[in-house]
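Trainee: Model the following, please.
(chains A and B)
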Amino acid sequence: MGLTCESCSRGVLKKKFNLRCGEKFVIALAGNPNVGKSTVFNELTGLKQHTGNWPGKTVVNARGNYRYEDMEFVLMDLPGTYSLLASSVEEQVARDFICFGQPDVTIVVVDGTCLERNLNLVLQVMELTHNVVVCVNLIDEAERKGIFIDIKALEEELGVPVVGTIAREGVGLEELKRRVLNVALNIENLNPKKISYSKPVEDAIKGIEPEIDRILKGKLNSRWVALRLIDGDNTIVNSIYEHIYDKKTLEIEGEEVLVNA
Amino acid sequence: MLLSKAAIGSKVKVVSLESKGLLRRRMMDLGLIPDSEIEVIRESPLGDPRAYGIKGSQIALRREEASQIVVEVVN
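Mentor: Residues are numbered from 1 along each chain as shown, chains lettered A, B, ... in the order given. Purely as a prediction, here's the structure:
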């Protein structure tokens, strides 16, 4: 099954995030608030994690399993966030998981009725990891509003798999699972769009990136860390300290009840 | 005009953001970028914070934050 987490240092990190994953792939489910992440989660895992039509419902991460093509997947439902900037607890939880839990694939669920707002997070996640699958949910509601999304064009533009779904009815989830597996196995042709910034910012990145690389030794995407430092985001320094230098063990707990799927 | 002064029910367009650093980034993450349209939806009983409709979501902003966003009224 390709790389397992024991075969690399990620095993240690995963343990810290309370994920005993063995031969399983770890999949994170991210997205803006109120786009149907928990519905996607429930449909994939067959669990009954509480769903509701209000933002901020998922406060702790929920965890569940599903099988596809005889392989086990552990799915983490992250709190909804507008960005990965860690300006609130939820955002920090989501960011730290994607950063330090290093999931095999991150599914970003986006709301088909307001793509523009949602794509901001997609690009932020893509800056952090290339193993992204975008799930455009609520396409039925979008169509009712007269919005028809060209999934193929979006996929070409972003350079990562994009799947249209109506999670509530289970539409598109087979395709979602297939693309997630492909990305996990590294057989999807990824060409993620790279975001370039203005020259002063790019110069600043070039100035500090080698030093960051030297300190982090490839454990995190150094370009992304450089950008956060330029942003003046101190929480990333604390999180690196906690997770990489093992000064403090932070457990992001999934609800134990959900494990026996 | 500042967003904090825009009348309830009015539609405005972002001209520029005066906020700096992380707050500026936060505002942009919420969809407050130049030219984006904002609807002033309602205010809380004490007038602060107020709810704004921004790119399909309702976002509550304090006066402190909204007063750093320069807007113009759209017809």
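
Trainee: can you tell me the residue of chain B closest to chain A?
Mentor: Going by CB to the nearest CB, chain A is nearest to B:Gly56 of chain B, at 3.1 Å. C-beta: built from backbone N, CA, C; applies to glycine.

Trainee: Next one: the residue of the stretch 1-150 of chain A found nearest chain B relative to A:Ala30, how far apart?
Mentor: Residue of the stretch 1-150 of chain A nearest chain B, by CB to the nearest CB: A:Cys114 (3.1 Å). Going from A:Cys114 to A:Ala30 by CB to CB, to the nearest Å gives 16 Å.

Trainee: So for these two, which residue has more residues nearby?
Mentor: Set A:Cys114 next to A:Ala30 and count neighbours by other CB atoms under 10 Å in any protein chain shown: A:Ala30 wins out with 28 against 20.

Trainee: what does the average pLDDT come to for the helix or strand hosting A:Ala142?
Mentor: Assigned by DSSP states H and E, A:Ala142 falls within helix A:139-144. The pLDDT scores in helix A:139-144 average 94.

Trainee: what does stretch A:109-122 give?
Mentor: The pLDDT scores in stretch A:109-122 average 92.

Trainee: A:Gly172 contacts A:Val162, correct?
Mentor: No. If you go by CB atoms under 8 Å, A:Gly172 and A:Val162 don't touch, sitting 10.6 Å apart.

Trainee: overlap in contacts of the two?
Mentor: Common neighbours of A:Gly172 and A:Val162, using CB atoms under 8 Å, 6 or more residues apart in numbering or on different chains, are A:Cys135.

Trainee: With neighbour numbers in mind, choose between the two.
Mentor: Shown here are A:Gly172 and A:Val162; by other CB under 10 Å, A:Val162 has more neighbours (24 against 20).

Trainee: Would you mind listing the residues in contact with that one?
Mentor: For A:Val162, the contacting residues are A:Val133, A:Val134, A:Cys135, A:Val136, A:Ile151, A:Lys152, A:Leu154, A:Glu155, by CB under 8 Å, 6+ apart.

Trainee: C-alpha coordinates for the helix holding A:Ala142, PDB please?
Mentor: Below are the C-alpha coordinates for helix A:139-144, written out as PDB (Å, rounded to 0.1, in the frame of the first residue of the first chain):
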ATOM      1  CA  ILE A 139     -24.300  21.900  -6.500                       C
ATOM      2  CA  ASP A 140     -28.000  21.300  -6.400                       C
ATOM      3  CA  GLU A 141     -28.600  24.500  -4.400                       C
ATOM      4  CA  ALA A 142     -26.200  26.400  -6.700                       C
ATOM      5  CA  GLU A 143     -28.200  25.200  -9.800                       C
ATOM      6  CA  ARG A 144     -31.400  26.400  -8.100                       C
END
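
Trainee: hmm, back to that, what about the spatially closest residue to the residue of the stretch 1-150 of chain A closest to chain B that is not a sequence neighbour, how many residues nearby?
Mentor: Among residues not flanking A:Cys114 along the chain, B:Gly56 sits closest, at 3.1 Å (CB to CB, 6 or more residues apart in numbering or on different chains). Using other CB under 10 Å, B:Gly56 has 15 other residues around it.

Trainee: same thing with the one 5 residues further on?
Mentor: Using other CB under 10 Å, B:Leu61 has 22 other residues around it.

Trainee: what about the longest helix in chain A?
Mentor: helix A:199-216 (DSSP state H).

Trainee: Could you list every helix and strand in contact with it?
Mentor: Here helix A:199-216 touches helix A:222-231, going by 3 or more CB pairs under 8 Å, 6 or more residues apart in numbering or on different chains; DSSP states H and E.

Trainee: What segments of the chain are helices?
Mentor: All of this refers to chain A. Under the criterion DSSP H, helices of chain A are mapped to A:10-16, A:37-45, A:89-100, A:115-128, A:139-144, A:151-158, A:173-184, A:199-216, A:222-231, A:235-244.

Trainee: wait, I meant chain B there
Mentor: Counting by DSSP H, the helices of chain B are B:21-29, B:63-66.

Trainee: between the lowest-mean-pLDDT helix or strand in chain B and helix A:222-231, how big is the angle?
Mentor: Among the helices and strands of chain B, helix B:21-29 carries the lowest confidence by mean pLDDT, DSSP states H and E, at a mean of 86. Interaxial angle of helix B:21-29 relative to helix A:222-231 (axes from the mean of the first three to the mean of the last three CA atoms, to 10 degrees): 110 degrees.

Trainee: Any idea how far helix B:21-29 is from the middle of the chain?
Mentor: 12 Å (CA atoms, centre = their mean, to the nearest Å).

Trainee: Just name whatever secondary elements it is in contact with.
Mentor: The contact analysis (3+ CB pairs under 8 Å, 6+ apart) places helix B:21-29 against helix A:222-231, strand B:11-17.

Trainee: Touching that helix from outside, list them.
Mentor: Helix B:21-29 is contacted from outside by A:82-83, A:85, A:87, A:120, A:231-233, B:17, B:19, B:65, B:68-69, using CB under 8 Å, 6+ apart.

Trainee: Let me have these in JSON lines, extended by distance to B:Asp48 and neighbour count.
Mentor: Formatted as JSON lines, the contacts of helix B:21-29 follow (distance: CB to CB, whole Å; neighbours: other CB atoms under 10 Å in any protein chain shown):
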{"residue": "A:Tyr82", "distance to B:Asp48": "21", "neighbour count": "25"}
{"residue": "A:Ser83", "distance to B:Asp48": "24", "neighbour count": "20"}
{"residue": "A:Leu85", "distance to B:Asp48": "24", "neighbour count": "21"}
{"residue": "A:Ser87", "distance to B:Asp48": "20", "neighbour count": "18"}
{"residue": "A:Asn120", "distance to B:Asp48": "26", "neighbour count": "20"}
{"residue": "A:Asp231", "distance to B:Asp48": "27", "neighbour count": "14"}
{"residue": "A:Gly232", "distance to B:Asp48": "27", "neighbour count": "10"}
{"residue": "A:Asp233", "distance to B:Asp48": "27", "neighbour count": "21"}
{"residue": "B:Leu17", "distance to B:Asp48": "19", "neighbour count": "18"}
{"residue": "B:Ser19", "distance to B:Asp48": "17", "neighbour count": "17"}
{"residue": "B:Glu65", "distance to B:Asp48": "10", "neighbour count": "19"}
{"residue": "B:Gln68", "distance to B:Asp48": "14", "neighbour count": "20"}
{"residue": "B:Ile69", "distance to B:Asp48": "15", "neighbour count": "24"}
